[in-house]
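Give me a model of this one.
(2 chains)
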Amino acid sequence: MSNRNTPMTPKTEPACKTTASFPKSWVRFLSIACLLLSSFFVWTSCETYPYQQGKILYTNFCENCHMPDGSGLKALIPPLAGADFLAKSPELVPCIIRNGVKGEMVVNGITYDTEMAGIERLTEFEITNIINYIHTSWGNDLPIVEHLQVREWLKPCEKNTKPF
Amino acid sequence: MKNLLLWLVVFTLLSGCQSNLSPDVLPILGVPDLGPNGDSVAHTIPDFRLIDQDSNVITNETFAGKAYVADFFFIACPTICPITTKQMLRIHDHFKDEPRLELMGHTLAPKYDTVAALNRYAKNLGVSANKWHFVTGDQATIYDLAPEYMNVALTDEDAPGGINHSGYLILVDKNRHIRSFCNGTDPEEVTRFIKDIEKLLNEQ
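Got it, this is the predicted structure:
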């Protein structure tokens, strides 16, 4: 190596001279890029879909039977996608989610008679979010419900009373 | 020399990684059974005698010369069953006009899933007992059959619905050997499984 013969650099010389001479415009550019990138990540991590909780709860509590696409299962489990019941009797839905349902029920002209278990631990906020997820998914375009409305609808729905 | 050894090791390891999930001829699966002479024989589905939704007696003879897909479920099952049933329905619809394939769903809750209940279940599903048998019988018999089909079935108070079970769909050939299986809750796996069924039918 040729630098073996070159004299040692004096200690006073800054070791990182190259960095010091790094163009200032580059530094500025890089920091702005970093800032933009991080704000982009923050923006994408913030949920833009408003019924994220409803979606998660639907996945955990409803999807096994009503299916990920809300299609139900033949004449055993009613669909939620395009179900006339949701538009006709929205006031019964919160109670069904909380207490379950037993007996016959007609959805889109088909009679269903499979018992559904309720999920009693859900709060009225969670029920509202599930309903709004269902109301806005799979092509459904039903009105958004407010949690105060759901609270009203839940009032006549005592524990263990099924709406049918 | 060292390099050569290293390459040999690498080559051996890599060749071990070759996927053998969908070979041209389906393998015979399951732990081999002990034969009468102490030799090992391919795992074979044992004799069974069950009742289907139309009160027909279902035995191995029902599937003579045919392949069938078996699974385990119960009507009130709140977890995986509707999903696996929907996938079984996919298989049913795909092979609707294929007389060499039938389906058999074993109920794990015979106390509740009576012949009448299974009959209604099949009707609501829109399937007939000629193609898809929903079978019931003695609970112990069915629970003993589950591991023969590489499934798990246990009563478990902590499990939703009181029964802990797996949702594997099992393909059995005309010789009572298991030739393929899939997780019945995974639509992509079921797509591969349907291809396996076609492979088996071409072979038989």
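
check which helix or strand covers the nearest residue to B:Glu98 once chain neighbours are set aside.
Once flanking residues are discounted, B:Glu98 sits nearest to B:Leu201: 6.7 Å by CB to CB, 6 or more residues apart in numbering or on different chains. All C-beta spots, glycine's among them, are computed from the backbone N, C-alpha and C. Using DSSP states H and E, B:Leu201 sits in helix B:187-203.

Just give me the neighbour total for the residue nearest to B:Arg49 when sequence neighbours are not counted.
Among residues not flanking B:Arg49 along the chain, B:Thr59 sits closest, at 5.1 Å (CB to CB, 6+ apart). The number of residues packed near B:Thr59 is 12, by other CB atoms under 10 Å in any protein chain shown.

hmm, back to that, report the buried residues of the helix holding B:Leu201.
Neighbour counts over helix B:187-203 (16 or more other CB atoms under 10 Å in any protein chain shown) mark B:Glu189, B:Val190, B:Phe193, B:Ile194, B:Asp196, B:Ile197, B:Lys199, B:Leu200 as buried.

Out of those residues, which comes closest to B:Ile51?
For the buried residues of helix B:187-203, the minimum distance to B:Ile51 (CB to CB) is 25.6 Å, reached by B:Ile197.

correct me, but that closest one touches B:Lys66?
No: the pair B:Ile197 and B:Lys66 fails to qualify as a contact (CB atoms under 8 Å) at a distance of 11.7 Å.

Mutual contacts of the two, please.
Taking CB atoms under 8 Å, 6 or more residues apart in numbering or on different chains as the contact rule, B:Ile197 and B:Lys66 both touch B:Leu101.

so which helix or strand takes in the residue of chain B found nearest chain A?
Using CB to the nearest CB, the closest approach of chain B to chain A is made by B:Asn124 at 3.9 Å. Assigned by DSSP H and E, B:Asn124 belongs to helix B:115-125.

Check B:Arg176 too.
Short version: B:Arg176 belongs to no helix or strand, going by DSSP H and E.

A:Ile134 versus that one, what's the distance?
Relative to A:Ile134, B:Arg176 is positioned 45 Å away (CB to CB, to the nearest Å).

Which one's more surrounded, these two?
Taking other CB under 10 Å, B:Arg176 and A:Ile134 do not tie; A:Ile134 has more neighbours (24 against 16).

Name the SS class of B:Ile142, please.
Recorded secondary structure, B:Ile142: helix (DSSP: H, G, I helix; E, B strand; the rest coil).

hey, where'd the strands end up in chain B?
B:33-34, B:40-41, B:49-51, B:57-59, B:67-73, B:101-107, B:132-135, B:153-155, B:163-165, B:168-172, B:178-183 (DSSP state E).

Neighbouring strands - and their directions - for the first one?
On the basis of DSSP bridges, the sheet neighbours of strand B:33-34 come out as strand B:40-41 (antiparallel).

Distance from the chain centre to the strand it pairs with, please.
Remark: strand B:40-41 is offset 21 Å from the chain centroid, using CA atoms, centre = their mean, to the nearest Å.

What's the per-residue pLDDT of the residue nearest to the spatial centre of chain A here?
Central residue of chain A (CA atoms, centre = their mean): A:Gln52, 1.8 Å from the mean position. What the model reports as pLDDT for A:Gln52 is 91.

Ramachandran coordinates for it?
phi -60, psi -40 (degrees, to the nearest 10).

ok, now B:Asp186?
According to degrees, to the nearest 10, B:Asp186 has phi -110, psi 100.

sorry, back to before: put together JSON lines for the strands of chain B, with mean pLDDT on each row.
Shown next, in JSON lines, are the strands of chain B (pLDDT from 0 to 100):
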{"stretch": "strand B:33-34", "mean pLDDT": "87"}
{"stretch": "strand B:40-41", "mean pLDDT": "92"}
{"stretch": "strand B:49-51", "mean pLDDT": "97"}
{"stretch": "strand B:57-59", "mean pLDDT": "97"}
{"stretch": "strand B:67-73", "mean pLDDT": "97"}
{"stretch": "strand B:101-107", "mean pLDDT": "97"}
{"stretch": "strand B:132-135", "mean pLDDT": "98"}
{"stretch": "strand B:153-155", "mean pLDDT": "87"}
{"stretch": "strand B:163-165", "mean pLDDT": "87"}
{"stretch": "strand B:168-172", "mean pLDDT": "97"}
{"stretch": "strand B:178-183", "mean pLDDT": "97"}
